[in-house]
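Q: Sequence first, then the predicted structure, then my questions.
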Amino acid sequence: MRYTLALLVVDRPTVLSHVAGLISRRRYNIKSIAAGYTEDPQVTRITLEVDCDEDMIGQVMQQLDKLVDVIKVVDLTSVPSISRDMALIKVKASPERRTEIVDIVNIFRARIVDVTRETMVIEATGEVEKIDALCEVMRDHGIIEIARTGVIAVSRGPIPMKEFPDPEQ
């Protein structure tokens, strides 16, 4: 099963590699990983999407929590949350196919951010399934390259992640 984990970590070099290394050493596949700054400049937020057995996710979270620079680990799969992925998709766009591409982009509520004589670059934000569906439709037009951010997620409601109760409490 795919799980979305959010981590608050001390903003230091090598923390991201320690987190990724811990998961890969246990032979779990990281489907996506995104890291960025938070409201506290000394804290980085890492969002991981991990393929893991249901009975092992607790153990993975405990191991992550034991890392020195990890402040908090939350399984956002188990709480109401909002997740988004962002993609830039460069497609072939001959003049005779541009109208069709624009129509598809509008259906997916994406936007065109660059146009050349031969290509268009589409920016899309949304749930992973939406981005996957747009990429699938664009394959018919000839995808030149795709860049994706990976999933980022936040829980719903007023409680910030750092105030979530620990699972063993």
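A: Looks like it arrived, so ask away. Residues are numbered from 1 along each chain as shown.
Q: Please name the residues that touch the one residue sitting closest to the centre of the chain.
A: Residue closest to the average C-alpha location in the chain (Cα atoms, centre = their mean): Val151, at 1.1 Å. Residues counted as contacts of Val151 (Cβ atoms under 8 Å, 6 or more residues apart in numbering) are 4, 31-32, 34, 47, 49, 83-85, 128. (C-beta placed from N, C-alpha, C; glycine too.)
Q: what's the distance between the residue sitting furthest away from the middle of the chain and Gln42?
A: Computed with Cα atoms, centre = their mean, the residue of the chain farthest from its C-alpha average is Glu96, at 34.3 Å. Distance, Glu96 to Gln42, by Cβ to Cβ, to the nearest Å: 54 Å.
Q: Tell me the secondary structure at Lys72.
A: strand (DSSP: H, G, I helix; E, B strand; the rest coil).
Q: continuing past the longest strand along the chain, what's the next helix or strand?
A: Using DSSP state E to define each element, the chain has its longest strand at strand 81-92. On the C-terminal side of strand 81-92, the nearest following helix or strand under DSSP states H and E is helix 98-107.
Q: pLDDT on that next one, on average?
A: Throughout helix 98-107, pLDDT has a mean value of 97.
Q: Return the set of buried residues in that helix.
A: By neighbour count on 16 or more other Cβ atoms under 10 Å, the buried set for helix 98-107 is 101, 104-105.
Q: could those residues be laid out in a markdown table, adding distance to Lys66?
A: Conversion of those to a markdown table gives the following (distance: Cβ to Cβ, whole Å):
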| residue | distance to Lys66 |
| --- | --- |
| Ile101 | 49 |
| Ile104 | 47 |
| Val105 | 45 |
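Q: which of those residues lies closest to Ile143?
A: Set against Ile143, the nearest of the buried residues of helix 98-107 by Cβ to Cβ is Ile101 (11.5 Å).
Q: contacting residues for that closest one?
A: If you count contacts by Cβ under 8 Å, 6+ apart, Ile101 has them with 91, 93, 112, 120, 122, 138, 141.
Q: State whether the fourth one is indeed within a strand.
A: Yes - the assignment for Met120, made by three-state DSSP, places it in a strand.
Q: My read is that it contacts Asp114, right?
A: Yes - taking contacts as Cβ atoms under 8 Å, Met120 lies within contact range of Asp114: 6.9 Å.
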